[in-house]
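Asker: sequence unavailable; structure follows:
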């Protein structure tokens with residue numbers, strides 16, 4: 001599969017206990033719709049980008065769930081959570097760069113007893129117009145090869161760690177940023 005867009009109407013794709021490969025995946029809806037991608041068990045590997053939500057329009061949210069021992073790999077290009085949520089629940093996510101930037105609505109990365117390994121930069125609300133957050137509720141968040149930027153101008157972002165392990169190389173806390 002080269003490109004997968006869950007757009008222009010609310011779309012839903014479930015990958016269950018399978019091996020899936022694609023180039024670009026965009027998870028968002030048209031108008032006030034939303035898109036959903038679930039990776040439950042198995043492996044999904046993207047050779048280019050993962051875009052969750054749409055930065056160019058209002059209310060085009062996306063939801064991605066990686067759970068049940070699944071592995072999502074996006075190591076050749078960036079993962080952008082522009083509007084919506086990416087949840088890693090008892091699963092693994094390997095990334096090249098992760099940008100959690102709520103452009104026209106909030107953006108969230110939630111790790112529930114899973115592992116997220118980011119080999120590049122982690123930006124949380126650095127350029128957002130709204131609010132961006134990362135919540136680590138058990139599990140690990142590893143960003144040891146590059147910096148973690150939280151908040152910025154005009155962005156607002158939070159990194160909340162609860163019963164989990166955050167390993168980072170350098171943390172830049174900008175205006176509107178919070179680490180707890």
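Answerer: In hand now; what should we look at? What you are looking at is a predicted structure, and each value in this text was computed from that prediction instead of being measured.
Asker: what element comes up after the helix-or-strand element of the chain with minimal mean pLDDT heading to the C-terminus?
Answerer: For the chain, counting by mean pLDDT, DSSP states H and E, strand 3-6 ranks last in confidence among helices and strands (a mean of 48). Of the helices and strands lying after strand 3-6 in sequence (DSSP states H and E), the nearest is strand 11-16.
Asker: mind listing what's buried in that next one?
Answerer: Of the residues in strand 11-16, 11, 13, 15 count as buried by neighbour count, 16 or more other Cβ atoms under 10 Å. In this view, the C-beta of every residue, glycine as well, is placed from N, C-alpha and C.
Asker: mind putting the residues you listed into TSV with pLDDT and distance to residue 130?
Answerer: As requested, the buried residues of strand 11-16 are exported to TSV (pLDDT from 0 to 100; distance: Cβ to Cβ, whole Å):
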residue	pLDDT	distance to residue 130
11	74	23
13	85	26
15	89	29
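Asker: buried ones in the strand ranked longest in the chain?
Answerer: Of all the segments assigned as strand in the chain under DSSP state E, the longest by residue count is strand 131-150. In terms of neighbour count (16+ other Cβ under 10 Å), strand 131-150 has its buried residues at 131-136, 139-143, 146, 148-150.
Asker: the helix or strand that that strand is followed by pairs with which strands, parallel or anti?
Answerer: Using DSSP H and E, the helix or strand that follows strand 131-150 towards the C-terminus is strand 156-162. Partner strands and pairing direction for strand 156-162 (DSSP bridges) are strand 131-150 (parallel), strand 177-179 (parallel).
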